[in-house]
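Colleague: Structure for the following, please:
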Amino acid sequence: MTRSPLHRLVFGTLRRLLYLWVRSETINQSSLSLKLDRGTPVFYVLQSPSMTDLAVVDTECTKAGLPRPVLPVSLGLLDEPNAFFYLTPAPGWFGRQDKRGISPTLDRLVSALSSDALLSAQIIPVSVFWGQSPDRETSPWKLLFADSWAVTGRIKRLFSILILGRKTRVQFAAPIQLRDLVAQNKGHERTLRMVQRILRVHFRNQKAAVIGPDVSHRRHLVKGLVHSAQVRQAISDAASHDNISLEKAEAQALRYGNEIASDYTYTVIRFLELVLSWFWNKIYDGIKVNHIEGVQDVAQGHEVIYVPCHRSHIDYLLLSYLLFRNGLTPPHIAAGINLNMPVVGSLLRRGGAFFMRRTFKGNPLYTAVFNEYLHTLFTKGFPVEYFVEGGRSRTGRMLQPKTGMLAITVRSYLRNNRMPVVFVPVYIGYERVLEGRTYLGELRGASKKKESIFDIFKVIGALKQRFGQVWVNFGEPIKLAEFLDAEQPDWRQQNLAPAYRPEWLNATTNRLGQRVAQHLNEAAAVNPVNLVALALLSTSKLALDERSLVRVLDLYLALLREVPYSPHATLPEGDGAALIEYVARMDLLAQQDDRLGKIVYLDEKNAVLMTYYRNNVLHIFAIPALLASFFQSSARNSREQILRYTRALYPYLQSELFIRWSLDELDAVIDQWLAAFVSQGLLKQENDAYTRPAPSSRQFVLLTLLSRTVAQTLQRFYMATALLINAGQNTISAEELEDLCTVMAQRLSILHGLNAPEFFDKSLFRHFIQTLLDQGVLRRDQAGKLSHHPALDSLVEGAAKRVLPAEFRLSIRQVTMDGNQDQPAEQ
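Modeller: Modelled structure (predicted):
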């Protein structure tokens, strides 16, 4: 069989004419290249016959250096004129489709492989999307011409090319090894049916991942919420409680549904893509994306819930933009009701945002409608995005997770687990955050402003300011079923209806929130600003000569390369000198030249702001900094001593900073870091003990600077326990201790010049006290007063002597005793 010259001429002419107008791109080429076996013949399969789709695929294959579908291919004695075939027959002019048999090409391939066990072939399902978008009935222009789940006729395809051809994307699925299927020996006919079934699933999942699941439009969706059993019960309860008619209660439920639901519109998605493309290029120097291939793989066949960290209002826009650009459906985004402002709210809603009130308390009808809306999105497979931190982090640290949305997700999954749920952590790291000025005021003590998306527009006028790059790292996905299997092995067998609120729900969602936060921190992007901030803020005067700063930065980079924090974390390119030059160009450093060289320092404006960027990566340096602290007051430590004290302090560091390792993994991690210290000359190993360099040496200075990274966290821990011990047994409540810690921390920050506003962050003390309670170190009596373990004082002092300077311990003791004159001085 050969392909006639006339066919080649017609196809070549069509392709040239088509590309006078059409512009196409492949959205997962790198992922395909990793899985493609170049030594095995390739056959492409398209879902239905289309010369224009074939022309686009042929062009993209040519650009990528892949085998072309229109060229002949040999498979043993079988010579095929083309390396492609269609899964389903062609539709008529108006979209009608007749029933035909299996593709002759596929039939011949299966026969050839069945008769010759040495032959192999791979099939690649390929989809072409002309203006990708999810369906929405209220947009007739899109409904007529955009890709959808309906069968497309030739006339409609012609208009799609004319209207949407400038935005054409090609998606290659993972290759299917036909030899593996034939080797199952199910017979010729059953094998053909099995291959067709697999291909249909591939195309369905591929299409759902790109244009979104096949869902009803918004009006029908909102009406459907009111007819669910849970909402009907809530309507009945509201009518009875408020003494109103069922009709009024139902109308109220409909109003809630319309207030909440998004209004996904392709034209707005495309508009935002164009605007944001300009925005990123104008404001930022680009976006660095890492590990998105894992998301493209898991998106097919899963309900994907994106859980990014929350640093800026543009987090909403950035993630949707990146997903759309990479061939994934932009998610429905949980947004605060405060963002539902005129014009802006409508734009966000059409971009996928659904709005939620800050509190659901006292309104069970609203709660029922909101939960049912989320359940509808989850069960229909629409991707969703929400922030587990609740609000934006003003300090740069990962905030304690708010578990409300996680609980709704888990309850929905318990109710219907047909669609597997996967959480995808997304770490977004800015070299300069847009709301930096606002955060700076709040870090200096100004009252927190009400969140407003207009904060973004306040900085657009300052285009002369450099904002650097944005780093977006996709972390390791968390499959909800696997998590529940580990936490509650019998959750599938439990009878949870009708409330789907088991006793273990709160504890399990709290642990899920911790897991999400840890996975977010695992994907941290260490950038030049983070490292420079970390180094300079560890000095007493916030300054170093340039050569010393270069050495510190080179050390940090070498340590992180020797002991990577996680496979999903990333590091900047270049050496210490390049990092300094880069950050200086962003106007975040001050410099002074003299005859002895250059001094690099932080001025008053940037000193506080840089704590934000240091805190982004504090969790990565917590363990090495703690190990370095042991050698500040002691020249020699045995491995056993290091392990013992690290294990004692680690639960509190892990709880505050969401460090990834479990206590069982800690010893191995400590050994890795100690080995890295030895290789970098920071320590010397003598049998089972480690000694520090001479105090006058350069290595000891580097070790000291590293130890100061975590010094303020350890100081805060010591101060809280000193206040607790000084107060005595069963005399102070957790709330009173929290208030007292905040006041004392503010005093100490003045006395010791601590230029870090989070040092007296009330929420950090609250969480530390809760961790002491969780660890069993503290207990509450019936009156809510705290008691502590009798050995706490000696244990804390023993650890503090190893990690804190004597003058600071004495200062804290003096402050705590001065703050409570009734306590005897010897206590």
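Colleague: show me where pLDDT drops low in the stretch 401-550 of the chain?
Modeller: Counting by pLDDT under 70, the low-confidence segments of the stretch 401-550 of the chain come to 440-464.
Colleague: can you give me the strands in it?
Modeller: Assigned by DSSP state E, counting those that start in this stretch, the stretch 401-550 of the chain shows strands spanning 421-430, 470-474, 478-479, 543-545.
Colleague: go on, the stretch 51-200 of the chain?
Modeller: Using DSSP E, counting those that start in this stretch, strands in the stretch 51-200 of the chain cover 73-75, 78-80, 84-86, 122-130, 168-172, 176-177.
Colleague: got it, and the stretch 551-700 of the chain?
Modeller: Assigned by DSSP E, counting those that start in this stretch, the strands in the stretch 551-700 of the chain fall at 590-594, 597-601, 636-638, 684-686, 689-691.
Colleague: Out of the strands of the stretch 401-550 of the chain, which gets nearest to R747?
Modeller: strand 543-545 (25.7 Å; C-beta to C-beta). Bear in mind the C-beta positions are built from the backbone N, C-alpha and C, glycine included.
Colleague: what lines up beside the closest one in the sheet?
Modeller: Counting by DSSP bridges, the strands paired with strand 543-545 are strand 597-601 (antiparallel).
Colleague: Would you reformat the strands of the stretch 401-550 of the chain as CSV and include mean neighbour count and distance to A239?
Modeller: CSV is the format used below for the strands of the stretch 401-550 of the chain (neighbours: other C-beta atoms under 10 Å; distance: least, C-beta to C-beta, whole Å):
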stretch, mean neighbour count, distance to A239
strand 421-430, 24, 34
strand 470-474, 24, 46
strand 478-479, 16, 40
strand 543-545, 18, 69
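Colleague: Dump these into a markdown table; add distance to S320 as well.
Modeller: Output for the strands of the stretch 401-550 of the chain, formatted as a markdown table (distance: least, C-beta to C-beta, whole Å):
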| stretch | distance to S320 |
| --- | --- |
| strand 421-430 | 11 |
| strand 470-474 | 12 |
| strand 478-479 | 21 |
| strand 543-545 | 41 |
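Colleague: can I assume W130 is in contact with T168?
Modeller: Yes. Between W130 and T168 there is a contact under C-beta atoms under 8 Å: 5.6 Å.
Colleague: Do you know the pLDDT at K598?
Modeller: pLDDT, the model's per-residue confidence, is 92 for K598.
Colleague: just to revisit the earlier point, how about the strands of the stretch 551-700 of the chain in a markdown table, adding mean neighbour count?
Modeller: As requested, those are exported to a markdown table (neighbours: other C-beta atoms under 10 Å):
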| stretch | mean neighbour count |
| --- | --- |
| strand 590-594 | 11 |
| strand 597-601 | 16 |
| strand 636-638 | 16 |
| strand 684-686 | 12 |
| strand 689-691 | 17 |
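Colleague: closest one to L113 among the ones you listed?
Modeller: L113 sits nearest to strand 684-686 of all the strands of the stretch 551-700 of the chain, at 59.4 Å, using C-beta to C-beta.
Colleague: Same list, the strands of the stretch 551-700 of the chain, but as a markdown table with distance to Y44 please.
Modeller: Below are the strands of the stretch 551-700 of the chain laid out as a markdown table (distance: least, C-beta to C-beta, whole Å):
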| stretch | distance to Y44 |
| --- | --- |
| strand 590-594 | 58 |
| strand 597-601 | 56 |
| strand 636-638 | 63 |
| strand 684-686 | 58 |
| strand 689-691 | 60 |
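Colleague: Per-residue pLDDT of G784, please?
Modeller: 90.
Colleague: Do me a favour and get the backbone dihedrals for it.
Modeller: phi 90, psi 10 (degrees, to the nearest 10).
Colleague: Then the one 3 residues further on?
Modeller: Recorded main-chain torsions at S787 are phi -120, psi 150, according to degrees, to the nearest 10.
Colleague: residue boundaries of the helices in the stretch 201-350 of the chain?
Modeller: Secondary structure of the stretch 201-350 of the chain (DSSP state H, counting those that start in this stretch): helices located at 218-226, 229-242, 246-260, 266-283, 292-298, 314-325, 344-350.
Colleague: Pick the most deeply packed of those helices.
Modeller: helix 314-325 (a mean of 22; mean count of other C-beta atoms under 10 Å).
Colleague: And L588, how far from L534?
Modeller: L588 sits 13 Å away from L534, going by C-beta to C-beta, to the nearest Å.
Colleague: Likewise for S240?
Modeller: Distance, S240 to L534, using C-beta to C-beta: 59 Å.
Colleague: What's the end-to-end length of stretch 681-697?
Modeller: One end of stretch 681-697 to the other measures 11 Å (C-alpha to C-alpha, to the nearest Å).
Colleague: follow-up on the earlier one: settle it for me: which of W130 and T168 has more neighbours?
Modeller: Just comparing W130 and T168: by other C-beta atoms under 10 Å the higher neighbour count belongs to W130, 27 against 24.
Colleague: Model confidence for the more buried one, exactly?
Modeller: For W130, pLDDT reads 76.
Colleague: and what of Y645?
Modeller: Y645 is given a pLDDT of 91.
Colleague: Now do it against R639, distance only.
Modeller: To R639, Y645 is 11 Å away according to C-beta to C-beta.
Colleague: Chain neighbours aside, what residue packs nearest to L317?
Modeller: Distances taken as C-beta to C-beta, 6 or more residues apart in numbering place L276 nearest to L317, at 5.8 Å, with adjacent residues excluded.
Colleague: and the one you found, what does it touch?
Modeller: Contacts for L276 (C-beta atoms under 8 Å, 6 or more residues apart in numbering) come out as L317, L318, Y321.
Colleague: From those residues, which shows the smallest pLDDT?
Modeller: pLDDT is lowest at L317 among the contacts of L276; the value there is 85.
Colleague: That residue against L272, yeah?
Modeller: Yes. Look at L317 against L272 with C-beta under 8 Å: they come within range, at 6.8 Å.
Colleague: Now do the shared contacts for the two.
Modeller: With C-beta under 8 Å, 6+ apart, L317 and L272 have common neighbours G351.
Colleague: Could you list the domains of this structure?
Modeller: Here the domain parsing of the chain from automatic domain parsing is 5-211, 265-522, 528-696, 710-818.
Colleague: For the residue lying closest to T88 once chain neighbours are set aside, what are phi and psi?
Modeller: Spatial nearest neighbour of T88, excluding adjacent residues (C-beta to C-beta, 6+ apart): S48 at 4.8 Å. Note on S48: its backbone torsions stand at phi -150, psi 160 [degrees, to the nearest 10].
Colleague: what's W504 in contact with, if anything?
Modeller: Listed by C-beta under 8 Å, 6+ apart, the contact partners of W504 are E487, Q488.
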